[in-house]
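A.B. asks: this one's structure only:
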């Protein structure tokens, strides 16, 4: 005799209401699933692909960062000593291509309508003799100490006022080994005159191998052999309501043997000379393009190989009614996933390299614009590399699956 045990109706209703609801499943698109499984099916091919993308991202990031860093270093002195107009010797190619003006430019500029002030700046090559022997060429820079635009900046030891003392100079700590000094008070010899290290700066480096040596305007004239009123450049400040082009035209009329340049023009002229006329910028751009080519070739080869290995599976999808566009989406998804992973790893390594180079003579910059551009280039590179695999897919004959 069987006993049928039945729960009361109220109890059944209570049980039904106390059942735990099922968690909704995440609906991952089938395109993403196929792309993920194809990508990670062959771990070795996936590893090679990621290494290629990472190498490409690091190379492009570092080369582009060096290019931006070079632009910054070339214009560092101009940016640190801004002016509305620069009076420079006629035919000056860049900031560190110095020669001397005649000496009358400051007074001619101050008497021009709309000019508020004009400051002397001396820039000259000099011969530095180390205390223990040996010589090195340096770029001597002198400005007036009472100017709000007095150089240098970023002083970590000593002070700008200390440079007003006779025979006093400031040197960046990155050039200590080149010049044979290391502490405040160390001695050296410049153009046959004994000088003393009175201030130390940090991360003020030139684009060339020539170290910067800063001093007062009077000391710079004495060490470079310039006359009392001579300067290499005049930094002109205009009155608040003065029209720049009108003042420039007047200065050009008064000083026909000089170039009158705006801040941006002098900056771009210096950058263009060093980056393009010397070929340095072209070399950096070529290195970045090489990284792109290497990445495209490796990703294209891997995606083509993966597509070839799964050709029967793709043919099966075609036979089941999947269009060529659907399979193309799978391949493009593989390319995008590869690009995302490679970009993240590549940017991490690039950031480490940039941090390691901060206190060296090599300046590498990473800006948000560069990071965003690298992301777009990386994804675009991977999509472009997928073309070979896509061509293979669209030519698949669905009948292949029935001939196996």
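C.D. replies: That came through fine. In this text the structure is predicted, and so the values were computed from the model without any measurement. Numbers count the residues shown, from 1 in each chain.
A.B. asks: where along the stretch 251-400 of the chain do the strands fall?
C.D. replies: According to DSSP state E, counting those that start in this stretch, the stretch 251-400 of the chain carries its strands in the segments 258-262.
A.B. asks: which other helices and strands does the strand ranked longest in the chain contact?
C.D. replies: With DSSP state E setting the assignment, residue counts place strand 115-129 as the longest strand in the chain. Contacting strand 115-129 under the criterion 3 or more Cβ pairs under 8 Å, 6 or more residues apart in numbering; DSSP states H and E are the following elements: helix 105-110, strand 135-143, strand 187-190, helix 217-224, strand 233-238. (C-beta placed from N, C-alpha, C; glycine too.)
A.B. asks: just those: most buried one?
C.D. replies: Of all the helices and strands packed on strand 115-129, strand 233-238 has the most neighbours on average by mean count of other Cβ atoms under 10 Å, namely a mean of 23.
A.B. asks: that one versus strand 115-129: what angle between them?
C.D. replies: Orientation note: strand 233-238 sits at an angle of 160 degrees relative to strand 115-129 (axes from the mean of the first three to the mean of the last three Cα atoms, to 10 degrees).
A.B. asks: so where's the stretch 151-300 of the chain uncertain?
C.D. replies: Nowhere does the stretch 151-300 of the chain drop to pLDDT under 70.
A.B. asks: what ranges does it have for its helices?
C.D. replies: For the stretch 151-300 of the chain, helices defined by DSSP state H, counting those that start in this stretch occupy the ranges 176-179, 217-224, 244-254, 263-272, 280-309.
A.B. asks: before we move on, back to that, can you lay out the helices and strands packed on strand 115-129 as CSV showing distance to residue 328?
C.D. replies: Shown next, in CSV, are those (distance: least, Cβ to Cβ, whole Å):
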stretch, distance to residue 328
helix 105-110, 66
strand 135-143, 58
strand 187-190, 68
helix 217-224, 67
strand 233-238, 60
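A.B. asks: out of the ones you listed, which is closest to residue 66?
C.D. replies: strand 135-143 (20.9 Å; Cβ to Cβ).
A.B. asks: list the contacts of the closest one.
C.D. replies: Outside strand 135-143, the residues that touch it by Cβ atoms under 8 Å, 6 or more residues apart in numbering are 77, 81, 96, 119-130, 149-152, 178-179, 190, 206, 210-221, 223-224.
A.B. asks: those residues, buried ones only, as a ChimeraX selection?
C.D. replies: The ChimeraX command for the buried members of the contacts of strand 135-143 (criterion: 16 or more other Cβ atoms under 10 Å) is given here:
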select :77,81,96,119,120,121,122,123,124,126,128,129,130,150,151,152,178,179,190,206,210,211,212,213,214,215,216,217,219,220,221,223,224
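A.B. asks: and the helices of the stretch 151-300 of the chain, which is most packed in?
C.D. replies: helix 217-224 (a mean of 21).
A.B. asks: for that one, packing partners?
C.D. replies: If contacts are counted by 3+ Cβ pairs under 8 Å, 6+ apart, helix 217-224 sits against strand 115-129, strand 135-143, strand 193-201.
A.B. asks: distance to residue 106 added to these, as CSV?
C.D. replies: Shown next, in CSV, are the helices and strands packed on helix 217-224 (distance: least, Cβ to Cβ, whole Å):
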stretch, distance to residue 106
strand 115-129, 5
strand 135-143, 13
strand 193-201, 25
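A.B. asks: so which of those strands comes closest to residue 170?
C.D. replies: For the helices and strands packed on helix 217-224, the distance to residue 170 is smallest for strand 193-201, at 3.7 Å, taking Cβ to Cβ.
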